[in-house]
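**Student:** Model the structure of this input:
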Amino acid sequence: QVQLVESGGRLVQAGGSLRLSCAASGRTFSSYAMGWFRQAPGKEREFVAAITWRGGSTYYANSVKGRFTISGDNAKNTVYLQMNSLKPEDTAVYYCAAKVRFTDWDIGSRTAYDYWGQGTQVTVSS
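**Tutor:** As a prediction, the model looks like this:
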């Protein structure tokens with residue numbers, strides 16, 4: 001089992017920045033990658049970014065590329081999502097997730113992730 005706890009979400013003005021954190025505990029060595037997803041009211045949960053623990057390969061949704069940066073600290077078992085130039089459409093609950101299977105082709109698919117955090121609310125005001 002892997003436990004995930006997100007933090008850092010809050011209300012921010014458009015154009016501002018925010019850094020989310022995801023602390024992992026438990027059998028963290030069993031996970032291949034960590035991802036961030038978000039879900040806005042009335043919408044499906046969508047992929048935002050992911051990073052592999054070994055090698056640190058990163059992946060981004062087109063909507064956040066160039067604005068968001070995902071990073072990881074192996075020693076702390078923590079993954080971060082630095083969000084810059086925030087827009088009102090970035091408003092959502094942001095979820096951290098852990099992926100066990102060692103594959104890249106499905107790294108953007110929410111169904112490929114095995115463990116989820118409870119989420120943290122990010123609200124961007126215009």
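**Student:** pLDDT weak spots in this protein?
**Tutor:** Filtered on pLDDT under 70, the chain yields no residues whatsoever.
**Student:** spatially speaking, which residue is in the middle of it?
**Tutor:** residue 36 (1.8 Å; Cα atoms, centre = their mean).
**Student:** and the next element down the chain from whichever strand or helix holds that residue?
**Tutor:** Mapping residue 36 onto the secondary structure by DSSP states H and E places it in strand 33-39. Downstream of strand 33-39, the next assigned helix or strand under DSSP H and E is strand 46-52.
**Student:** That following strand pairs with which strands, parallel or anti?
**Tutor:** In the sheet, strand 46-52 lines up against strand 33-39 (antiparallel), strand 58-60 (antiparallel) (DSSP bridges).
**Student:** Return the set of buried residues in it.
**Tutor:** 47, 48, 49, 50, 51, 52 (16 or more other Cβ atoms under 10 Å). Quick note: C-beta positions are derived from backbone N, CA and C, even for glycine.
**Student:** got the CA positions of it in CSV?
**Tutor:** Extracted in CSV, the C-alpha atoms of strand 46-52 (Å, rounded to 0.1, in the frame of the first residue of the first chain):
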residue,chain,number,x,y,z
GLU,A,46,-7.8,14.8,-16.3
PHE,A,47,-4.1,14.3,-16.5
VAL,A,48,-1.8,17.2,-15.6
ALA,A,49,1.7,15.9,-15.2
ALA,A,50,3.8,12.9,-14.2
ILE,A,51,7.3,11.9,-13.3
THR,A,52,9.1,8.6,-13.0
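**Student:** Since that was my last question, I'll sign off now.
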